[in-house]
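Enquirer: okay, predicted coordinates and the sequence, questions at the end:
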Amino acid sequence: MKLDEAKEKFIQAWGTLGTSWGVSRTMAQVHALLLISPDALSAEDIMEQLSISRGNANLNIRALIDWGLVQKELKQGERREFFSAEKDIWKVFRQVAKERRKRELEPMMQVLETLREVEGDRRDRNTKAFTESIDGIYKFAGKADRTLETLIKADEHWFLGSVMKIIK
């Protein structure tokens, strides 16, 4: 397989994987392109290589910057902005976990915290079923939150060692 074909396959596969992270396919494809590029790319380079519009490129670059996965670079003598991605995949994984936690788990924990204080007779069947369900979800979400916090703070060697212990 030639390099150009391999790059295209990787970009497409990463785009598909990105939808599992909760990001758009194009956003993940922009990230993939920047991951495999040895040098920072301009928005024009990204537009050309992915055949996307300027607006689409700019929107997705800004989103990747917001996620903490892409950085803006300035090159002396250039008026254009250039962008590069973190190449350390462990750092990428941790950043994605951190963002998903912030965007998904933390808001849900806040809602569940509020719902745990529902008014009503705790002996009533409907109230009891509701509060038991909410409490169970809240406890599970709390464990998930602590697990994510551990992963975010962990270093790669600890994580891989832990996974290997589970597999054995």
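Expert: Perfect, I can see it now. Owing to the predicted nature of the structure, the values given are computational and were not obtained by experimental measurement.

Enquirer: outline the domain layout of the protein.
Expert: As assigned by automatic domain parsing, the chain contains the domains 3-85, 89-167.

Enquirer: weakest of those domains by average pLDDT?
Expert: Of all the domains of the chain, the minimum mean pLDDT falls on domain 89-167 (a mean of 84).

Enquirer: what about the residue located most distally from the centre of the chain, distance to L3?
Expert: When distances are taken from the C-alpha mean of the chain, R123 lies farthest, 42.1 Å away, according to Cα atoms, centre = their mean. R123 is 69 Å from L3, where distance means Cβ to Cβ, to the nearest Å. Quick note: C-beta positions are derived from backbone N, CA and C, even for glycine.

Enquirer: likewise Y138?
Expert: Going from Y138 to L3 by Cβ to Cβ gives 50 Å.

Enquirer: which helix or which strand is home to the most centrally placed residue in the chain?
Expert: Centre of the chain computed as the mean C-alpha position; nearest residue by Cα atoms, centre = their mean is V96, 3.0 Å away. If you go by DSSP states H and E, V96 is part of helix 89-100.

Enquirer: report all helices and strands that that helix contacts.
Expert: helix 54-67, helix 125-153 (3 or more Cβ pairs under 8 Å, 6 or more residues apart in numbering; DSSP states H and E).

Enquirer: give the buried residues for the first one.
Expert: By neighbour count, with 16 or more other Cβ atoms under 10 Å as the criterion, the buried positions of helix 54-67 are N56, A57, L59, N60, I61, A63, L64, W67.

Enquirer: tell me the contacts of D121?
Expert: By Cβ atoms under 8 Å, 6 or more residues apart in numbering, D121 lies in contact with T127.
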